[in-house]
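In: Predicted model, plus sequence, below.
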Amino acid sequence: MTRQLSALSREIKRQVGLLITRKGQISHVLVGNKKRIWIPRLEKIRTGSGRLRGLRFVHTHLGAEPLSGEDMTDLVLMGLDLMASIEVNHEGLPGPISYGHLLPGDRDGKGYAVQRVQDMGRLQVDFIQLVHSLEDELSRRWLGRSLKTGERALLVGATTGAKWAEEESLNELEALAVSNEVEVAGKVVQRIKGIDRRFLIGKGRLGELVLHCLQTGADLLIFNQELTPTQVKSLTDFTEMKIIDRSQLILDIFSRRAVTREGKIQVELAQLNYLLPRLATKNTAMSRLTGGIGGRGPGETKLEINRRRVYERIAKLNRELAGIGRQRQGRRQLRMRRELPVISIVGYTNAGKSTLLNALTGSRVRTGNRLFETLDPSSRRLRFPREREAIITDTVGFIRDLPQSLMEAFAATLEELNDADLLLHVVDASGGRMEQEIGTVEDILRKLELTEIPMLLVLNKVDRLEKLETGMLRKRTGGVALSALHPPTLKPLVRRIEKIIWRHSSTP
């Protein structure tokens, strides 16, 4: 076979290749040009968890070159059993043979092994036994993941700037993933010269990511940047993996956490507006979203969904949301007639806003140490020592690069902030990114045109800091330092709120 391939390849001056099954049957005959050969999509031949493709690719090289980097990228991305090249000499005879296969571990940092023999007579390898051994080892690595209910993801960040900044951002992406019950297999930061319009990062790096997923049992790639519809499709086609971005991860969290009818409508609207440009006939990217993260709610709709039906659904949800908005407006007017001041709690996600609401009002709003624990607004009465009352409202937490679709969908809820007499900006004083989080919240409030409303900075979680550090922080920011878990520390906050709201009254 090698002699026939070599003679034919030299005669037509093109690379010739064969995809061969484990039974020795030829599934594809491929012809390239002088320098390279293209392997088509293999949609009908699927691999399972920890299993390879069941195909080996044997092809010719017209120069005296061994396996190329592109050959090994194809080996990794397609999960082939084996990649082999036959070096054809000027007489059309087969010369040295190179072959490569994946490695279950990350030996030498490459993840694959390449061997080269001088001629066919020295090729003494039992390939079937080799492949079965590889699959056994890969399956053992996947076994732990398969016994768990959640998904396992590799987090990817691409940046044209400093890697440390992207690494910090990936830490937040990891917190989002963990908050959504996703197991994180690893984090990768890739510094790039420019954004690739199709793949975001280079093909070679993508091959390394897929190999890492294969070795660690990850079945999902989460990108820290918002991907365009073209990038999602190209990445999915190229890697044959499930691909989502940061925005879709946040949308998925919201989809799971929304409780009220209004919250569910807003989340579904955001999902539909996000998915609409990504709905395309025979789009494999969408077909891989069925079930699991990124596939809840509207994402479960069949691939053949009609765009007209999507637009009709969006219009219906907008009408329902408008009706709920009118009801909310009626409640606001009732509060205004009663002349009750309104206090709104804002801040970065997981800063302790709901815990503060509970501590101030004796409520039992659900809390938790995870991002976006609270989605649906909660309003309670806050009583002051001088028999005064106010309405205090907890709102959804903000986050860096909040998806525009979410901002638009939650605009009706955030409209209530316009009626606030005071904004309590709660920050996690013990976190290492306090300044950045304050900046993010202030930027969002600026976009919402809420900068004219009085705002009081609340430095939460100071029980985790030294007293000297707390004092310096309070002096530098002008905020009120407290711990929402320790009610006695709330008294200065209550006094400051009372003084700001009833500034024309005498206060104790």
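Out: Yes, it's here. Residues are numbered from 1 along each chain as shown.

In: who's in contact with the closest residue to residue 169 other than its chain neighbours?
Out: Ranked by C-beta to C-beta, 6 or more residues apart in numbering and with sequence neighbours excluded, the top spatial neighbour of residue 169 is residue 224, at 5.8 Å. Backbone N, C-alpha and C define where each C-beta goes, glycine included. Taking C-beta atoms under 8 Å, 6 or more residues apart in numbering as the criterion, residue 224 is in contact with 155-158, 166, 169-170, 173, 245-246.

In: what's the spacing between residue 224 and residue 241?
Out: Distance, residue 224 to residue 241, by C-beta to C-beta, to the nearest Å: 16 Å.

In: Check the secondary structure at residue 210 for me.
Out: The three-state assignment at residue 210 reads helix, by DSSP: H, G, I helix; E, B strand; the rest coil.

In: ok, it to residue 244 distance?
Out: Per C-beta to C-beta, residue 210 is found 16 Å from residue 244.

In: Including secondary structure and neighbour count, could the contacts of residue 224 go into a markdown table?
Out: Formatted as a markdown table, the contacts of residue 224 follow (DSSP: H, G, I helix; E, B strand; the rest coil; neighbours: other C-beta atoms under 10 Å):
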| residue | secondary structure | neighbour count |
| --- | --- | --- |
| 155 | strand | 26 |
| 156 | strand | 26 |
| 157 | strand | 23 |
| 158 | strand | 20 |
| 166 | helix | 21 |
| 169 | helix | 21 |
| 170 | helix | 23 |
| 173 | helix | 23 |
| 245 | strand | 25 |
| 246 | helix | 25 |
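
In: any idea which of those residues is closest to residue 190?
Out: Proximity of the contacts of residue 224 to residue 190, judged by C-beta to C-beta, is greatest for residue 158, which lies at 4.9 Å.

In: hang on, the closest one packs against residue 201?
Out: Yes: with contact defined as C-beta atoms under 8 Å, residue 158 and residue 201 form a contacting pair (5.1 Å).

In: Overlap of the contact sets of those two?
Out: Taking C-beta under 8 Å, 6+ apart as the contact rule, residue 158 and residue 201 both touch 190, 192.

In: looking at this structure, which helix or strand is least sure?
Out: Ranked by mean pLDDT, DSSP states H and E, the helix or strand of the chain with the weakest confidence is helix 284-287, at a mean of 56.

In: Report the next helix or strand after that one in sequence order.
Out: helix 307-337 (DSSP states H and E).

In: which secondary structure elements does that next one contact?
Out: Counting contacts by 3 or more C-beta pairs under 8 Å, 6 or more residues apart in numbering; DSSP states H and E, helix 307-337 is packed against helix 261-275, helix 411-414.

In: Of those, which shows the lowest average pLDDT?
Out: Lowest mean pLDDT of the helices and strands packed on helix 307-337: helix 411-414, a mean of 66.

In: State the next helix or strand along the chain beyond that helix.
Out: Helix 411-414 is succeeded, C-terminally, by strand 422-428 (DSSP H and E).

In: before we move on, the earlier item: out of the helices and strands packed on helix 307-337, which one sits most buried?
Out: Ranked by average neighbour count under the criterion mean count of other C-beta atoms under 10 Å, the helices and strands packed on helix 307-337 are headed by helix 261-275 at a mean of 21.

In: Return the list of helices and strands in contact with it.
Out: helix 246-257, helix 307-337, helix 404-409, helix 411-414.

In: and the first one, how far out from the chain's middle?
Out: Spelled out, it's helix 246-257. Averaging C-alpha positions (C-alpha atoms, centre = their mean, to the nearest Å) puts helix 246-257 9 Å from its chain's average.

In: could you give the angle of that helix to helix 261-275?
Out: 150 degrees (axes from the mean of the first three to the mean of the last three C-alpha atoms, to 10 degrees).

In: you'd agree residue 235 is up against residue 201?
Out: No: with contact defined as C-beta under 8 Å, residue 235 does not reach residue 201; the gap is 9.3 Å.

In: Neighbour count: these two, which is higher?
Out: residue 235 (24 against 21; other C-beta atoms under 10 Å).

In: Next, the contact list for the more buried one, please.
Out: 199-200, 206, 221, 227, 243, 285.

In: The helix or strand harbouring it: which residues count as buried?
Out: Secondary structure assignment for residue 235, by DSSP H and E: helix 229-239. The neighbour-count check on helix 229-239 (16 or more other C-beta atoms under 10 Å) flags 229, 231-236, 238-239 as buried.

In: ok, back up a step: for residue 456, find the nearest of the helices and strands packed on helix 307-337.
Out: Once the helices and strands packed on helix 307-337 are compared by C-beta to C-beta, helix 411-414 is nearest, at 18.7 Å.

In: Now do the domain split for this protein, please.
Out: The record's domain parsing of the chain by automatic domain parsing lists 2-144, 152-300, 340-501.

In: Distance to residue 317 added to those domains, as CSV?
Out: Below are the domains of the chain laid out as CSV (distance: least, C-beta to C-beta, whole Å):
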stretch, distance to residue 317
domain 2-144, 35
domain 152-300, 5
domain 340-501, 9
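
In: Which of those comes out lowest on mean pLDDT?
Out: Across those, domain 152-300 gives the lowest mean pLDDT, at a mean of 82.

In: Centre of the chain to that domain, how far?
Out: 4 Å.

In: likewise stretch 495-503?
Out: The chain centroid and the centroid of stretch 495-503 are separated by 42 Å under C-alpha atoms, centre = their mean.

In: Centre of this structure to the edge, which residue is at the far end?
Out: residue 91 (53.5 Å; C-alpha atoms, centre = their mean).

In: pretty sure that one belongs to a helix, no?
Out: No: the assignment for residue 91, made by three-state DSSP, is coil rather than a helix.

In: ok now do it, which residues does it touch?
Out: By C-beta under 8 Å, 6+ apart, the residues touching residue 91 are residue 10.

In: Please name whichever of the helices and strands packed on helix 307-337 is nearest to residue 75.
Out: Across these, residue 75 has its closest neighbour in helix 261-275 (33.2 Å, C-beta to C-beta).

In: re the thing from before, need the max-distance pair from the buried residues of helix 229-239.
Out: Using C-beta to C-beta, these span at most 16.2 Å, a distance reached by 229 and 239.

In: could you give the angle of the helix or strand hosting residue 495 to strand 422-428?
Out: Element membership for residue 495, per DSSP H and E: helix 491-501. Calculated by the same axes, to 10 degrees, helix 491-501 forms an angle of 150 degrees with strand 422-428.

In: Identify each buried residue in helix 491-501, please.
Out: The neighbour-count check on helix 491-501 (16+ other C-beta under 10 Å) flags 493, 496-498, 501 as buried.

In: Tell me if residue 99 really is in a helix.
Out: No: counting by three-state DSSP, residue 99 is not part of a helix but strand.

In: Number of residues surrounding it?
Out: Counted with other C-beta under 10 Å, residues neighbouring residue 99 total 23.

In: Is it in contact with residue 114, as I believe?
Out: Yes: applying C-beta under 8 Å, one finds residue 99 in contact with residue 114, separated by 7.4 Å.

In: Give me the common contacts of those two.
Out: residue 67.

In: which residues touch residue 173?
Out: By C-beta under 8 Å, 6+ apart, the contact set of residue 173 is 155, 157, 187, 222, 224, 246, 249.

In: give me that answer again for 10 Å
Out: Contact analysis of residue 173 by C-beta atoms under 10 Å, 6 or more residues apart in numbering lists 153, 155-157, 166, 184, 187, 222-224, 245-246, 249-250.
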